[in-house]
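1. using only what follows, build the 3D model:
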Amino acid sequence: MLCPITRMMFREPVVVSSGKTYDRDAIKKWLRCHNTCPETRSKISNLLTPNLLVRTMVIEWLEKNPGRIPEGWKCRKMKKLRPARLRFKKKRPPTPTAVAEEVDDRLDLIPRGLGLRDNHEDEFAFDSDALMEA
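-> Coordinates of the predicted model:
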């Protein structure tokens, strides 16, 4: 019942997408710098699912050993159970000005003479005669 990263008894056991169990704080710290499982080295998501079986085993151990505090723990309390969820970095939507600048930049990448012409109404018309000449 030891976390493979900390080598201490789990306080908040979670399962990662590779199927391995880690203590939540330890794997969160690992995932700040890596996107792989510490044991299998396979790519994993940041979804952390509570491992209820291991949690129950730790609670049973605590009940059978009332006078003992596991190594690395400050007290005998387990951390509160938190639901699994993916965390995404929040990104602001682009401003209309930024979108317009991006469009202008991309238009500069289109080679001249392909039959596209600017009709000054922010729309593009296809010039088939220019395409035939090219």
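2. show me what contacts I69?
-> 75-76 (C-beta atoms under 8 Å, 6 or more residues apart in numbering). Bear in mind the C-beta positions are built from the backbone N, C-alpha and C, glycine included.
3. the same query, at a cut-off of 10 Å, please.
-> For I69, the contacting residues are 9, 62, 75-76, by C-beta atoms under 10 Å, 6 or more residues apart in numbering.
4. which one of the residues you listed sits closest to R24?
-> M9 (13.4 Å; C-beta to C-beta).
5. TSV for the contacts of I69, including neighbour count, pLDDT and secondary structure?
-> Conversion of the contacts of I69 to TSV gives the following (neighbours: other C-beta atoms under 10 Å; pLDDT from 0 to 100; DSSP: H, G, I helix; E, B strand; the rest coil):
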residue	neighbour count	pLDDT	secondary structure
M9	20	95	strand
L62	17	92	helix
C75	6	87	coil
R76	12	85	coil
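6. for those residues, which one is nearest N51?
-> Top of the list for closeness to N51, among the contacts of I69 and by C-beta to C-beta, is M9 at 13.1 Å.
7. for the closest one, give its distance to E101.
-> Distance of M9 to E101, computed by C-beta to C-beta, to the nearest Å: 55 Å.
8. and for C3?
-> Taking C-beta to C-beta as the criterion, C3 is separated from E101 by 48 Å.
9. please say which of the two ends up with more neighbours.
-> C3 (23 against 12; other C-beta atoms under 10 Å).
10. hey, what's the residue lying closest to that one once chain neighbours are set aside bridged with?
-> Computed as C-beta to C-beta, 6 or more residues apart in numbering, the closest residue to C3 that is not its neighbour in sequence is D23, at 4.1 Å. Each beta-bridge partner of D23 is listed here: P13, as defined by DSSP bridges.
11. doesn't V16 make contact with D23?
-> No - with contacts defined as C-beta atoms under 10 Å, D23 does not count as touching V16, sitting 11.4 Å away.
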